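K.L.:
Here is a sequence with its predicted model. Questions after.
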Amino acid sequence: MLRIIDARTGEAVVATPVRRGLTRVEAHASGYGAGSLRVLLVADLLVRALELGGTPVWSLLTGERDQAELRAGATALGMHPFEGGRDLGAGAGVGEAQVLHVVGEDGGAPDEVRVAVAPVEGAVPAGPVTGAGSDVDPAALRLALLARPRTEPLRLDAVALGEARDTLVRWRRAVADWARRPSRPVPDHLRGRLRTAWEDDLDVPEVLRVLRWVEDAGPELPDGARFETYAYADRLLGLELTRDLGAPA
């Protein structure tokens, strides 16, 4: 069961409805930039985690400025589509039972559960979002934004993007290689570690640590199980880790 820290109270709250109904995830971002994209990314992760648990979700984007740019950035980074305008989400829609507001450092949101996202130092590379000719993989930007807990400030620079790019290249090659071996189910202990991580206040850095452990595990972990573990985790991470399946070895 997904629990999230409410920034107003510092207490953990259940993100899934107690009664049958959907959860509304509302991203508050105004003005295009790395910090706003991080807010949208956390909202996207909440949507993915809730859907993995079987909870229907309604995701909204609110804000006064640069909405077209933010939506383009969200699309480039593989996020779920956001509907627009707080008016669409007002009044608790049919069957709605929970509302989560994902907010940046300005903290602007109604007096409901707030999921805090720390600021980002650094600018967004132009290419992944605007098509301005950068060779930066949008998934590398997504991974760089996922690398630290969402409540900690993050520095986005050439070093962070380079590390994320190198990790993606290595993981995608490994996944493509593991896929050539006989399939094996995700081991129960690894599935449990992954679910425990993302259901504990959306601890994505712990999910990434589990993947690094799987990468370095000895021969007792079959390659087919490694592949399925990465594919399973990527349902939350959205990094296209299986993108190179079928590519020449």
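P.N.:
Sure thing, it's come through.
K.L.:
just checking, next helix/strand downstream of the helix or strand harbouring L70?
P.N.:
When secondary structure is defined using DSSP states H and E, the element that contains L70 is helix 67-76. Taking DSSP H and E as the definition, the helix or strand that follows helix 67-76 towards the C-terminus is strand 83-84.
K.L.:
partner strands of that next one, parallel or antiparallel?
P.N.:
Take DSSP bridges as the rule and strand 83-84 pairs in its sheet with strand 57-62 (parallel).
K.L.:
Compute the inter-axis angle for the partner strand and helix 67-76.
P.N.:
In this structure, strand 57-62 runs at an angle of 140 degrees to helix 67-76, with axes from the mean of the first three to the mean of the last three C-alpha atoms, to 10 degrees as the basis.
K.L.:
How is this protein partitioned into domains?
P.N.:
Residue ranges of the domains in the chain are recorded as 3-117, 137-249, according to automatic domain parsing.
K.L.:
any idea how far the first one is from the chain center?
P.N.:
Between the mean C-alpha location of domain 3-117 and the chain-wide mean there is a distance of 12 Å, by C-alpha atoms, centre = their mean, to the nearest Å.
K.L.:
Endpoint to endpoint, that domain covers what distance?
P.N.:
This stretch, domain 3-117, spans 16 Å end to end (C-alpha to C-alpha, to the nearest Å).
K.L.:
what comes up buried for stretch 193-208?
P.N.:
Using 16 or more other C-beta atoms under 10 Å as the test for burial, stretch 193-208 gives 193-195, 197-199, 201-202, 204, 206-208. Yep, even glycine has a C-beta here, placed from its N, CA and C like the rest.
K.L.:
And the helices in the chain, which stretches?
P.N.:
For the chain, the helices defined by DSSP state H occupy 34-52, 67-76, 86-89, 127-130, 138-146, 158-178, 188-199, 204-216, 223-237.
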